[in-house]
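Enquirer: 3D model of this:
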Amino acid sequence: GLPDLPSAYRYVLFHVGPLQLTRKGINLAVTSSTLTFTVLQSAHLALCVTTPEAMASGLRWYLAPLRALRVPVDEVIFTL
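Expert: Predicted coordinates:
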């Protein structure tokens, strides 16, 4: 068989009481926080550079297919 080689790789990085910090958990936390930051900054940028009238017009255009399902798109846009 293969000899047992010493490895520096550890799946669990840190223990605090019943909690444990793993590589998968850190990867998930970094990925989700990066995605959240990107979405919030994109929304902020869009709201800073787009007039409210243009934003309403764009939303009305994107939601237009919902009219086939009898959704009152214009009322939804005006309430936003």
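
Enquirer: count the residues that sit near residue 50.
Expert: For residue 50, the neighbour count with other C-beta atoms under 10 Å is 13. In this view, the C-beta of every residue, glycine as well, is placed from N, C-alpha and C.

Enquirer: for it, give its distance to residue 41.
Expert: As defined by C-beta to C-beta, to the nearest Å, residue 50 lies at a distance of 15 Å from residue 41.

Enquirer: likewise residue 8?
Expert: Distance, residue 8 to residue 41, using C-beta to C-beta: 36 Å.

Enquirer: neighbour count: the two, which is higher?
Expert: Shown here are residue 8 and residue 41; by other C-beta under 10 Å, residue 41 has more neighbours (10 against 4).

Enquirer: the more buried one is in what secondary structure piece?
Expert: Assigned by DSSP states H and E, residue 41 belongs to helix 23-49.

Enquirer: which helices and strands sit right next to the following helix or strand past that helix?
Expert: Sequence-wise, the next helix or strand downstream of helix 23-49 (DSSP H and E) is helix 52-63. Counting contacts by 3 or more C-beta pairs under 8 Å, 6 or more residues apart in numbering; DSSP states H and E, helix 52-63 is packed against helix 73-79.
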